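Colleague: what's the 3D shape of this:
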Amino acid sequence: MKRHYMICVDNRGYEASLEIRKVYEVLPDREAEKHHQLRVIDESGEDYLYSDKYFAPVRLPSATKEKLELINT
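Modeller: Numbering: from 1, shown residues only. Have a look, this model is predicted:
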């Protein structure tokens, strides 16, 4: 499964769970996306739903993606 990452651009109300400017892994969840939410692995190490307004797309170089996938396996 291809991994998907986004960067946190807002954490109001979730300061303990999300860090601004940090890249987070986003898990596929079509039902959540219908409601403008993303399933994100947050600071707890668990996946939770957050509004998509808290995140922005980020393009990572292939070498960086490969290293992140090695860490998360």
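Colleague: what about the residue located most distally from the centre of the chain, distance to residue 25?
Modeller: The outermost residue of the chain, judged by C-alpha distance from the chain's mean C-alpha position using Cα atoms, centre = their mean, is residue 63 at 18.6 Å. The spacing between residue 63 and residue 25, counted by Cβ to Cβ, to the nearest Å, is 17 Å. Where you see a C-beta, it was placed from the backbone N, CA and C, and this is true even at glycine.
Colleague: before we move on, the earlier item: name the SS class of the residue farthest from the centre of the chain, please.
Modeller: Following DSSP: H, G, I helix; E, B strand; the rest coil, the label given to residue 63 is helix.
Colleague: mind showing which ranges of the chain have poor pLDDT?
Modeller: 1-2, 70-73 (pLDDT under 70).
Colleague: would you list every one of the helices in it?
Modeller: Under the criterion DSSP state H, helices of the chain are mapped to 30-34, 62-71.
Colleague: so which of these gets nearest residue 4?
Modeller: In this view, the helices of the chain are compared for proximity to residue 4 by Cβ to Cβ, and helix 62-71 is the closest at 9.8 Å.
Colleague: For the closest one, which outside residues touch it?
Modeller: 3, 5, 25, 60 (Cβ atoms under 8 Å, 6 or more residues apart in numbering).
Colleague: List the contacts of the closest residue in space to the third one that isn't next to it in sequence.
Modeller: Nearest residue to residue 25, sequence neighbours excluded (Cβ to Cβ, 6 or more residues apart in numbering): residue 41, at 4.7 Å. For residue 41, the set of contacting residues under the criterion of Cβ under 8 Å, 6+ apart consists of 24-27, 47.
Colleague: could you redo the last one with a cut-off of 10 Å?
Modeller: Residues near residue 41 by Cβ atoms under 10 Å, 6 or more residues apart in numbering: 24-27, 47-48, 72.
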